[in-house]
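Participant: just the structure for this:
(2 chains)
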Amino acid sequence: MPDGAAPILDVNNLKTIFRTRDGEVHAVNSVSFDVGPGELLGVVGESGSGKSVTMMSLMGLLPSPPAEIVSGEILYQGSDVRKMSEAQLRDLRGGDVGFVFQDPMTSLNPVFTVGYQLVEPLQIHMGLSKKAARARAAELLDLVGIPDARKRLSDYPHQFSGGMRQRVMIAIALACDPKLLIADEPTTALDVTIQAQIIELVRDLRQQLGMAIVWITHDLGVVAGIADRVMVMYGGQIVEHAPVGELFANPQHPYTRALLETVPRVDGTRDARLRSIQGQPPSLAAHPASCPFAARCGHVFDRCLVENPERRDVGARHDVACFWDARTREPYNG
Amino acid sequence: MADGGDPRVLVRVDGLKMHFPIHEGLLRRQAGSVKAVDDISFEIFEGETLGLVGESGCGKSTAGRTILRLYQPTEGVIEIDGRDISTLEGTALRDLRPTMQMIFQDPQASLNPRMTVGSIIAEPLSEHHAMNATDRRNKVYELLDAVGLNRDFANRYPHEFSGGQRQRIGIARALALNPKFIVCDEPIAALDVSIQAQVVNLLEDLQEKLGLTYLFISHDLSMVRHLATRVAVMYLGKIVELAPRDALYNDPKHPYTQALLSAVPNPDPKTEAVRERIILTGDVPSPANPPQGCNFCTRCPKVMDRCRVEEPTWRDLGQGRYAACHLLEDA
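Facilitator: Numbering: from 1, shown residues only, chains lettered A, B, ... in the order given. Next up, the predicted model:
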């Protein structure tokens, strides 16, 4: 990674809440991270950890109300996204920033042909003529490995299989040469052999086009194969962040460590009883002044119950939000 | 599990077919059929876990449901505990239900939202046993204890519970009639990773304590490796390979098994960086219109001319291994 290069995306202290009838839900809680040009940042977490809401907040994709970004700074290439007008935001979304969502069936419009949906952003964002846009659309489908691309432009989403639909989604996201691609669980709804195809495709595209990618997933295996850096989210916060090799070789947060131990491996190096994490993920409605993982943590001590730990550096580009020191196996003094 | 001595066969499936008719046109004439399960045969030994893996649409869930006679099979024999149940009807079949139970994938959809947890678990007891209310309540408490739920939960409703807890309720209901054989249909697929391990450990504990036999249907190859004694791999309605667990994972014989295993990502950046993946091209064909010859011939990286015309036979490769592939015929 070009270490000194200015980040393409820089997020500081982002807080997003949902105002519901039952009170406020603190979905994203003081999240800070950056993405460098051409870098692939993996975001790992369970359902309700706030990983999707974080990414939706970035480009103003959350309906407001009930969602509200209460504080924080989102800098895209130096300019604050939160201060942008609706028109500027629209230029950014689908233009410089592409999105791929989990379920391609619900994110493609079933009553328009795939060609129409591909041509639309090209005409709006790139100002291409209809003919040029259609030629470019065929190129894009070809790029993502859909055979017979020109013919398939006039097909509807239901005429494609799940894996092919996800390829179409990727083609739409890539239409305007984005500098940043946000992929929210893009392979979760797919079978493993199809997932392998999509991952291979994204690897190739990254090499050809050089865009930065934020890849959200709950699958540690997927992250291990593609990410440069990883951030682990839990209860609306980033609990650990490190380069991928470092995170897997030297996990610091008790949650990360437990997560790595609970998943069985297909190469079978672990065969004893699975270590499980007792209890349930925290409810985000209450927002106590304690560590979100405290109730399930094996190393919990009194400080964890009265104070929410800040992220602290434990190595090169490696930080963790925990009062317990995994190296000394004792409470951290600082 | 069954070490030494001859393991006893609890479930025997022979030439099982489950075809669903497709009706077309004004007169709803049968225009073809979806061959969801097309001629599968295997045995499950007492006390073991047979993993049944495959991708969505391969027919693994249909196979599990047909074996429990939730469907009327098109053809074939299903023997449970030495008794052929493939053609049983009515009361005769109902009397056998207590021995065989099912745990479903989606605990949200398989629990009645209007019934309390207590009555959900007690329902099979009142259907099959003449028990008085006190005995029934005690049995419900016993089952709640067995799956690690609080006895107070008996008076609550399913929506008050998390996914993992709901799955425990589903397990308690399946255990109510002291079954010998349980089909687990993707029981952890809807759960978060940190909760999956809890449920899997519970299933293993119960197996050890009660001597249960599982057919564990899953698309999660890593979890099947952890749980299963033997593993069967399905593709497009057929079993392509069946082998003891370690043999299958360490040395897969069928090209589909090889591709499937190589596609599973491993949580280890070091091995991921150097691993050679077999990337299959294309998608699974429709089971309404499977290809001629071998079902896998449209995607197989080692396909030969012969595969497109002749269907490979199910061969015994020795040491408990079976596979259906022309490449393995000289071996």
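
Participant: worst mean pLDDT across the helices and strands of chain B, which element?
Facilitator: helix B:269-274 (a mean of 83; mean pLDDT, DSSP states H and E).

Participant: that one packs against which elements?
Facilitator: Counting contacts by 3 or more CB pairs under 8 Å, 6 or more residues apart in numbering or on different chains; DSSP states H and E, helix B:269-274 packs against helix A:220-226, helix A:244-249. (Each C-beta comes from the backbone N, C-alpha and C, glycine too.)

Participant: which residues does that helix contact?
Facilitator: With contact meaning CB atoms under 8 Å, 6 or more residues apart in numbering or on different chains, helix B:269-274 is reached by A:221, A:224-225, A:244-245, A:248, A:267, B:265-266.

Participant: do stretch B:279-288 as well
Facilitator: For stretch B:279-288, the external contacting residues (CB under 8 Å, 6+ apart) are A:161, A:163-164, A:193-194, A:196-197, A:200, B:22, B:32-36, B:38, B:55, B:57-59, B:235-237, B:259, B:263, B:291, B:295, B:298-299, B:301.

Participant: separate out the buried members of the residues you listed.
Facilitator: Neighbour counting with 16 or more other CB atoms under 10 Å in any protein chain shown marks A:161, A:163-164, A:193-194, A:196-197, A:200, B:33-36, B:38, B:55, B:57-59, B:235-237, B:259, B:263, B:295, B:298-299 as buried within these.

Participant: what residues sit buried inside the least confident helix or strand of chain B?
Facilitator: Result for helix B:269-274 [16+ other CB under 10 Å]: buried residues B:269, B:272.

Participant: next helix or strand past it?
Facilitator: Per DSSP states H and E, the first helix or strand lying C-terminal to helix B:269-274 is strand B:315-318.

Participant: quick one: list the elements packing against the very next helix or strand once past that following strand.
Facilitator: With elements assigned by DSSP H and E, the helix or strand that comes after strand B:315-318 is strand B:321-323. In terms of contacts (3+ CB pairs under 8 Å, 6+ apart), strand B:321-323 is packed against strand B:238-244, strand B:315-318.

Participant: next, the contact list for residue A:57, please.
Facilitator: A:14, A:16, A:28, A:67, A:69, A:74.

Participant: check which helix or strand covers the second one.
Facilitator: Counting by DSSP H and E, the element that carries residue A:16 is strand A:9-20.

Participant: and the helix or strand just after that strand with strand A:9-20, angle?
Facilitator: Where DSSP H and E defines the elements, the next helix or strand beyond strand A:9-20 is strand A:23-35. Relative orientation of strand A:23-35 versus strand A:9-20 (axes from the mean of the first three to the mean of the last three CA atoms, to 10 degrees): 170 degrees.

Participant: which phi and psi does residue A:108 have?
Facilitator: phi -100, psi 140 (degrees, to the nearest 10).

Participant: hmm, it is touching residue A:164, no?
Facilitator: No: look at residue A:108 against residue A:164 with CB atoms under 8 Å: they stay out of range, at 11.0 Å.

Participant: pick out the residue in the stretch 151-300 of chain B sitting closest to chain A.
Facilitator: residue B:265 (3.1 Å; CB to the nearest CB).

Participant: what sits against the closest residue to that residue other than its chain neighbours?
Facilitator: Leaving aside its chain neighbours, residue B:265 sits nearest to residue A:221 (3.1 Å; criterion: CB to CB, 6 or more residues apart in numbering or on different chains). Shown in contact with residue A:221 (CB under 8 Å, 6+ apart): A:263, B:222, B:264-267, B:272.

Participant: most tightly packed of the helices and strands packed on helix B:269-274?
Facilitator: Highest mean neighbour count among those (mean count of other CB atoms under 10 Å in any protein chain shown): helix A:220-226, with a mean of 24.

Participant: direction included, what does the following helix or strand past that one pair against?
Facilitator: Next helix or strand after helix A:220-226 toward the C-terminus (DSSP H and E): strand A:229-234. Using DSSP bridges, strand A:229-234 pairs in its sheet with strand A:40-44 (parallel), strand A:237-243 (antiparallel).

Participant: if we can go back for a sec, which ones among the contacts of stretch B:279-288 are found in helices?
Facilitator: A:163-164, A:193-194, A:196-197, A:200, B:259, B:263 (DSSP state H).

Participant: most widely separated two among those?
Facilitator: Using CB to CB, these span at most 18.4 Å, a distance reached by A:164 and B:259.

Participant: residue farthest from the centroid of chain A?
Facilitator: residue A:131 (34.5 Å; CA atoms, centre = their mean).

Participant: where's that one, which helix or strand?
Facilitator: helix A:130-143.

Participant: next, see if that helix gets close to chain B.
Facilitator: No: against chain B, helix A:130-143 shows no contacts by CB under 8 Å from any CB of the partner chain, the least distance being 15.1 Å.

Participant: any idea of the mean pLDDT for that helix?
Facilitator: In this model, helix A:130-143 has a mean pLDDT of 90.

Participant: then stretch A:89-98?
Facilitator: 86.

Participant: so which bits of that stretch are buried?
Facilitator: Neighbour-count burial for stretch A:89-98 flags A:91-98 (criterion: 16+ other CB under 10 Å).

Participant: from the chain's centre, how far out does that stretch sit?
Facilitator: Offset of stretch A:89-98 from its chain centre (CA atoms, centre = their mean, to the nearest Å): 17 Å.

Participant: so which of the helices and strands packed on strand B:321-323 is the most packed in?
Facilitator: The most buried one of the helices and strands packed on strand B:321-323 (mean count of other CB under 10 Å) is strand B:238-244, showing a mean of 24.

Participant: how far does stretch B:123-142 stretch from start to finish?
Facilitator: 15 Å (CA to CA, to the nearest Å).

Participant: would you mind identifying the next helix or strand past the host helix or strand of residue B:141?
Facilitator: Using DSSP H and E, residue B:141 sits within helix B:133-146. Following helix B:133-146 in sequence order, the next helix or strand is helix B:163-175 (DSSP H and E).

Participant: any part of that following helix near chain A?
Facilitator: Yes: applying CB under 8 Å from any CB, one finds helix B:163-175 touching chain A at residue B:164.

Participant: quick one: that helix to helix B:133-146, angle?
Facilitator: Using the same axes, to 10 degrees: helix B:163-175 against helix B:133-146 is 130 degrees.

Participant: element containing residue A:214, please.
Facilitator: Per DSSP H and E: strand A:212-217 holds residue A:214.

Participant: just checking: what are the partner strands of that strand?
Facilitator: In the sheet, strand A:212-217 lines up against strand A:40-44 (parallel), strand A:180-184 (parallel) (DSSP bridges).

Participant: check contacts around residue B:238.
Facilitator: B:38-40, B:295, B:324.

Participant: which one of the residues you listed is nearest chain A?
Facilitator: Closest to chain A, out of all of the contacts of residue B:238 and judged by CB to the nearest CB, is residue B:295, at 14.4 Å.

Participant: got the residues of the stretch 1-150 of chain B near chain A?
Facilitator: Applying CB under 8 Å from any CB, one finds that the stretch 1-150 of chain B approaches chain A through B:55-56.

Participant: chain neighbours aside, what residue packs nearest to the residue in the stretch 1-150 of chain B that chain A sits nearest to?
Facilitator: The stretch 1-150 of chain B approaches chain A most closely through residue B:55 (3.9 Å), counting by CB to the nearest CB. Nearest residue to residue B:55 in three dimensions, chain neighbours excluded: residue A:191, at 3.9 Å (CB to CB, 6+ apart).

Participant: might one say that that neighbour is in contact with residue B:56?
Facilitator: Yes: using CB under 8 Å, residue A:191 is in contact with residue B:56, at 5.7 Å.

Participant: more crowded one of those two?
Facilitator: residue A:191 (21 against 14; other CB atoms under 10 Å in any protein chain shown).
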